[in-house]
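Engineer: Sequence and predicted structure below; questions after.
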Amino acid sequence: MEKRKGSGEDGKRELNSSLAAGITALVFLIIGYQTALFIHRASVLKIMERKDAPDTVFVIDRALAESILKPLSEERREASRKEVRGREVYAVKKEAEHSPAVKAVRSRAAPKSVENFRFDPNTVSVEDLVRLGFTERQALSIDNYRKKGGMFRRKTDFAESFVVTDSVYARLEPYIDIPLIDLNIADSAAFDRLPGIGGYFAAKMVEYRARLGGSYSYKEQLMDIYRFDREKFDALADLVAVGDGNIKPYPLWTLPADSLKKHPYIGSYAARGIVIYRENNPESAWTVDALEKAGVLKPEMAAKLGRCVIAAP
């Protein structure tokens with residue numbers, strides 16, 4: 001019994017020793033890593049500070065200075081004039097020549113200029129993303145996300161990208177321009193990319209547009225599609241639009257009955273009634289309200305048809 005106990009204690013001591021050795025090794029590894037980072041930063045700073053030749057040369061000869069400064073604007077030339085010990089000299093600034101290795105380090109370490117301009121995160125190029133302040137690796141990450149089928153439907157979608165920090169988004173948010181999907185020019189593929197819309201409803205949206213005469217007059221008409229409820233509409237209402245220039249006025253007062261009956265707000269009975277009404281009333285009386293009062297259209301259908309863009313008689 002005592003032998004077993006002693007054996008257990010030896011095992012614990014060996015385990016503790018191994019654990020202590022592991023912790024010590026980890027500490028030295030962390031210290032070594034931090035030291036390497038410090039040396040790297042110091043080296044970069046040294047390279048950034050080092051000049052292979054002076055960047056500023058003071059020129060006493062006026063003619064020589066003027067010839068060097070000639071390409072500059074008059075304002076910049078005047079700013080280059082200095083007075084040293086009572087003599088007029090010129091501070092001619094010229095970037096010194098550096099070795100390729102120094103140039104490479106400076107290119108990577110130098111702060112990048114940042115621009116602000118309007119952009120669509122779904123189409124902006126990698127080069128323009130870099131101009132907007134992203135690193136090349138971050139820009140490629142955004143591009144890879146798009147190539148795999150990802151898209152930014154709203155500005156907030158772009159904010160949720162893991163390479164877009166809160167500070168960067170706050171700066172770029174006013175410049176993000178994601179075009180709305182126009183219900184009258186989009187195809188089923190564009191509709192399919194909307195939230196909550198699959199291939200079935202995308203096809204129905206195109207089909208219903210045709211039944212309306214070729215265009216939607218207002219986006220709430222989507223809810224007239226079978227099983228297209230308010231919840232589905234609210235999920236995409238801010239992503240779609242009906243552009244005024246893409247609405248085709250419905251020719252209510254010229255179509256024959258067999259064409260009128262295809263409209264979802266008219267049907268066979270009202271189509272015949274509209275033709276009869278046109279034949280027995282002057283053009284001045286041709287209005288949707290008059291069709292309702294004459295009993296040709298039901299009130300709920302007249303309300304919907306009244307919101308449509310209708311061609312003049």
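Structural biologist: All right, it came through fine. Numbering: from 1, shown residues only.

Engineer: residues near Tyr200, how many?
Structural biologist: Neighbourhood size, Tyr200 [other CB atoms under 10 Å]: 10. (Glycine included, C-beta is placed from N, CA and C.)

Engineer: hang on, I meant Leu26
Structural biologist: 10.

Engineer: How about Ser268?
Structural biologist: For Ser268, using other CB under 10 Å, the count is 12.

Engineer: and it, which of the three is it?
Structural biologist: helix (DSSP: H, G, I helix; E, B strand; the rest coil).

Engineer: contacting residues around it?
Structural biologist: Ala257, Lys261 (CB atoms under 8 Å, 6 or more residues apart in numbering).

Engineer: In terms of pLDDT, where does the residue nearest the centre of the chain sit?
Structural biologist: The C-alpha lying nearest the average C-alpha coordinate of the chain belongs to Pro121 (CA atoms, centre = their mean; 2.5 Å). If you check Pro121, the pLDDT there is 97.

Engineer: How about the one 10 residues further on?
Structural biologist: In the predicted model, Arg131 carries a pLDDT score of 95.

Engineer: Could you check how far the closest residue to it other than its chain neighbours is from Arg209?
Structural biologist: Closest residue to Arg131 apart from its sequence neighbours, by CB to CB, 6 or more residues apart in numbering: Glu115 at 4.8 Å. Distance of Glu115 to Arg209, computed by CB to CB, to the nearest Å: 40 Å.

Engineer: Have a look at the two and say which one is more surrounded.
Structural biologist: Taking other CB under 10 Å, Glu115 and Arg209 do not tie; Arg209 has more neighbours (20 against 11).

Engineer: Verify the contact between that one and Leu183 for me.
Structural biologist: Yes: with contact defined as CB atoms under 8 Å, Arg209 reaches Leu183; the gap is 7.0 Å.

Engineer: Which neighbours do those two have in common?
Structural biologist: Ser215, Tyr216.

Engineer: how about the residue nearest to Arg131, what does it touch?
Structural biologist: Counted by CB under 8 Å, 6+ apart, Glu115 has contacts Arg131, Leu132, Gly133.

Engineer: Could you dump those into JSON lines with secondary structure, neighbour count and distance to Asn246 added?
Structural biologist: Shown next, in JSON lines, are the contacts of Glu115 (DSSP: H, G, I helix; E, B strand; the rest coil; neighbours: other CB atoms under 10 Å; distance: CB to CB, whole Å):
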{"residue": "Arg131", "secondary structure": "helix", "neighbour count": "18", "distance to Asn246": "33"}
{"residue": "Leu132", "secondary structure": "coil", "neighbour count": "20", "distance to Asn246": "31"}
{"residue": "Gly133", "secondary structure": "coil", "neighbour count": "18", "distance to Asn246": "36"}
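
Engineer: From those, pick the one nearest Pro251.
Structural biologist: Leu132 (47.6 Å; CB to CB).

Engineer: right, and the helix or strand after whichever strand or helix holds Tyr145?
Structural biologist: Secondary structure from DSSP states H and E places Tyr145 in helix 136-147. Moving toward the C-terminus from helix 136-147, the next helix or strand (DSSP H and E) is helix 155-159.

Engineer: circling back: go through the helix holding Tyr145 and flag the buried ones.
Structural biologist: Gln138, Ala139, Leu140, Ser141, Ile142, Tyr145 (16 or more other CB atoms under 10 Å).

Engineer: Pipe the residues you listed into TSV and attach distance to Pro100 per row.
Structural biologist: TSV is the format used below for the buried residues of helix 136-147 (distance: CB to CB, whole Å):
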residue	distance to Pro100
Gln138	26
Ala139	25
Leu140	25
Ser141	29
Ile142	30
Tyr145	34
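
Engineer: Pick the one among the residues you listed closest to Ala237.
Structural biologist: Closest to Ala237, out of all of those and judged by CB to CB, is Tyr145, at 25.3 Å.

Engineer: What's the local residue count around the residue nearest to the closest one when sequence neighbours are not counted?
Structural biologist: Computed as CB to CB, 6+ apart, the closest residue to Tyr145 that is not its neighbour in sequence is Ser161, at 7.1 Å. Around Ser161 there are 17 other residues, counting by other CB under 10 Å.
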